[in-house]
Structure formats: structure tokens, C-alpha cells
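[1] Show me the folded form of this:
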Amino acid sequence: MYADEIISDMFPNTDVLVMFTRFVFSYFLVDFVLRFKFQSISLLDLQHYLFLPFSTKKLFNFPLISSWFSYFNVLAFLVLLPFFLVHVIPNYSISESIVWFTFIYGGILAVNFLSLGV
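    Coordinates of the predicted model:
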């Protein structure tokens, strides 16, 4: 059963995309707390490498770029993608669909960087 079928069964007479987006905003809060508790901050591990001949810009960009592929981001992408492909693209225009996906996944990445303390 897809997320759109579950939402339409739970909340009849409402737009599925609106309800899913409301759930996503609740997910942002839960995700922020879980990331803050469980995600390691690899920026603190960089102190040992500061004396090496790397530029500090490259040294501090590495954990930021590698955090894009953390468990939380990949999981959110894998949960969001089927709903996007099954419900959003067939019912809305391509531009609206891309803006919606970019906004939701951008919010997830924003929570990622906020939880790192950047």
C-alpha cells in the first residue's frame, strides 16, 4: 500500500499532497531531534588533521559533503521518492513537481546541516 492510499483512507475529502506535506513538517521536527541525538559530528574529529598540509577549506568541506550521504538523508530520499513518482508527478505539472520535491528534500538537507551545528 502506498502512502497516498493510506493518507486518503485516513483523511477522506482532503488533498493527499497537502496532508503528506503536513506530515513532512512533523517529520522535520522528529528528524532534527533524532539527528541531534544520534548523528556524530565529524567536525570535532578534524582537530587532529589541522597541522597537516591541507587547506582548512578542504578540510572542513569534507565532512559537510560526506554528510549528504548519511543514513538519515538516504532514508528520507528513499521514503520520499516513491510518493513523488506515484502521486506527485502524475497529478501535477513537471515544474510544480520539481519545486515540491526540491523544497521538501532541501528542508531535509537544511535539518542535516542545522544538526551538524554549521
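[2] Give me the neighbour count for F36.
    14 (other CB atoms under 10 Å). C-beta here means a position set from N, CA and C on the backbone, and glycine is covered the same way.
[3] same check, this time on L64
    Neighbours of L64 (other CB under 10 Å): 14.
[4] and if you look at N13?
    Around N13 there are 5 other residues, counting by other CB under 10 Å.
[5] after the helix or strand of the chain with the lowest mean pLDDT comes which helix or strand?
    The weakest-scoring helix or strand in the chain, judged by mean pLDDT, DSSP states H and E, is helix 56-66 (a mean of 77). Next along the chain after helix 56-66, taking DSSP states H and E as the criterion, comes helix 71-83.
[6] Which strands or helices does that following helix pack on?
    Packing partners of helix 71-83 (3 or more CB pairs under 8 Å, 6 or more residues apart in numbering; DSSP states H and E): helix 3-10, helix 16-38, helix 94-116.
[7] Kindly reformat those as CSV containing distance to T56 and mean pLDDT.
    Formatted as CSV, the helices and strands packed on helix 71-83 follow (distance: least, CB to CB, whole Å; pLDDT from 0 to 100):
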stretch, distance to T56, mean pLDDT
helix 3-10, 43, 80
helix 16-38, 25, 85
helix 94-116, 17, 89
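[8] what about F28, neighbour count?
    F28 has 16 nearby residues by other CB under 10 Å.
[9] for L80, same thing?
    19.
[10] That one and N73: what is the separation?
    Remark: distance between L80 and N73 (CB to CB, to the nearest Å) = 10 Å.
[11] what's the overlap in contacts for these two?
    I108 (CB atoms under 8 Å, 6 or more residues apart in numbering).
[12] how about the residue lying closest to T21 once chain neighbours are set aside, what does it touch?
    Excluding the flanking residues, the one nearest T21 by CB to CB, 6 or more residues apart in numbering is I104, at 7.3 Å. By CB under 8 Å, 6+ apart, the contact list for I104 reads 21, 24, 80.
[13] Tabulate those residues (CSV), appending distance to S8.
    Below are the contacts of I104 laid out as CSV (distance: CB to CB, whole Å):
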residue, distance to S8
T21, 14
V24, 16
L80, 18
